[in-house]
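Colleague: can't give you the sequence, but here's the structure:
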């Protein structure tokens, strides 16, 4: 979903919100723990781990260039306000980005800060987020968030993964994404899109729930650029590429900017 004319006034595109999309592979290599990544692949039984990691690092610049022209422009990508980023990540759980974009302005007009959400009734919250599905669960999470921030953190979003994960059904991804996109801390992110691309490109077999697996997090941690702006671009690129090109059921391999070296790609085939 592209930003509307009205949204562009609220979130001016003075520059793309994706972070550092211009980087050479040799520079990227200095920002990641390639040896640790190789060890993670070798521990998974991959014999040519070094070759695969080198190939991945070599194509990341192309992936970031693709993001610059093809990335999705959502409103929460135009802010580093911790409240908006944290809540947006919670709203995005098990939900399409376009659906969250539809209620984004309404939500933050009604709940511009933790105290306004903390003072809302259960029905007021549910009515605002009901279109996203899982209304009861989402409402409970938002109530927990508001109560925690108001009662224990003075109305501020904490800079602590443990505290960010305290509300009901808030996990590693939401906490780490908040730290990365709001506070500029390079943190590993694991969601379905990210896990799928890593699995396909590196030939790394993912567990049933990769977002809960410590080995998967260790692998992504080793591949996360230490420079926050580059880490921001790296993860937005993986997320958007997984949503638009490397989809779960019908990947467009012939349109993939990083097909070279991918363990999943079959040359001259539109998809695998």
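Modeller: It's in. This one's a predicted model, so the numbers in the text were calculated from it and none came from an experiment.

Colleague: when you work out contacts or count neighbours from here on, use the C-alpha atoms and nothing else.
Modeller: Noted.

Colleague: show me what the host helix or strand of residue 163 is packed up against.
Modeller: Secondary-structure element containing residue 163, defined by DSSP states H and E: helix 161-164. For helix 161-164, the contact count by 3 or more C-alpha pairs under 8 Å, 6 or more residues apart in numbering; DSSP states H and E identifies helix 172-181 as packing neighbours.

Colleague: what does the helix it packs on rub up against?
Modeller: Identification of contacts with helix 172-181 by C-alpha atoms under 8 Å, 6 or more residues apart in numbering yields 80, 82, 85-86, 89-90, 159-161, 164-165, 185-191, 211, 228, 231-232.

Colleague: where does the protein have low pLDDT?
Modeller: Applying pLDDT under 70 to the chain picks out residues 1-16, 266-272.

Colleague: need the longest helix for it.
Modeller: Assignment by DSSP state H gives helix 49-70 as the longest helix of the chain.

Colleague: outside of that helix, which residues touch it?
Modeller: Contacts for helix 49-70 (C-alpha under 8 Å, 6+ apart): 16, 18, 21-25, 28-29, 34, 37-39, 41-42, 201-202, 233-234, 236-238, 240-241, 257-258, 260-262.

Colleague: which among the residues you listed end up buried?
Modeller: The neighbour count (16 or more other C-alpha atoms under 10 Å) marks 16, 18, 21, 25, 28, 34, 37-39, 41, 201-202, 233-234, 236-238, 240-241, 257-258, 261-262 as buried among the contacts of helix 49-70.

Colleague: what residues sit buried inside the helix or strand hosting residue 104?
Modeller: Take DSSP H and E as the rule and residue 104 turns out to sit in helix 97-110. The neighbour-count check on helix 97-110 (16+ other C-alpha under 10 Å) flags 97, 99-101, 103-104, 107-108 as buried.

Colleague: now for the very next helix or strand once past it, which elements pack on it?
Modeller: For helix 97-110, the following helix or strand on the C-terminal side (DSSP H and E) is helix 114-118. Where contact means 3+ C-alpha pairs under 8 Å, 6+ apart, helix 114-118 is packed against helix 135-152.

Colleague: quick check: buried residues in the helix it packs on?
Modeller: So, applying 16+ other C-alpha under 10 Å, buried residues of helix 135-152: 135, 138-150.

Colleague: do the same with stretch 64-77
Modeller: 64-68, 71-77.

Colleague: distance to residue 197 added to the residues you listed, as a markdown table?
Modeller: As requested, the buried residues of stretch 64-77 are arranged in a markdown table below (distance: C-alpha to C-alpha, whole Å):
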| residue | distance to residue 197 |
| --- | --- |
| 64 | 14 |
| 65 | 17 |
| 66 | 15 |
| 67 | 15 |
| 68 | 18 |
| 71 | 16 |
| 72 | 18 |
| 73 | 21 |
| 74 | 21 |
| 75 | 25 |
| 76 | 23 |
| 77 | 21 |
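
Colleague: closest one of these to residue 125?
Modeller: Nearest to residue 125, judged by C-alpha to C-alpha, of the buried residues of stretch 64-77 is residue 76 at 19.3 Å.
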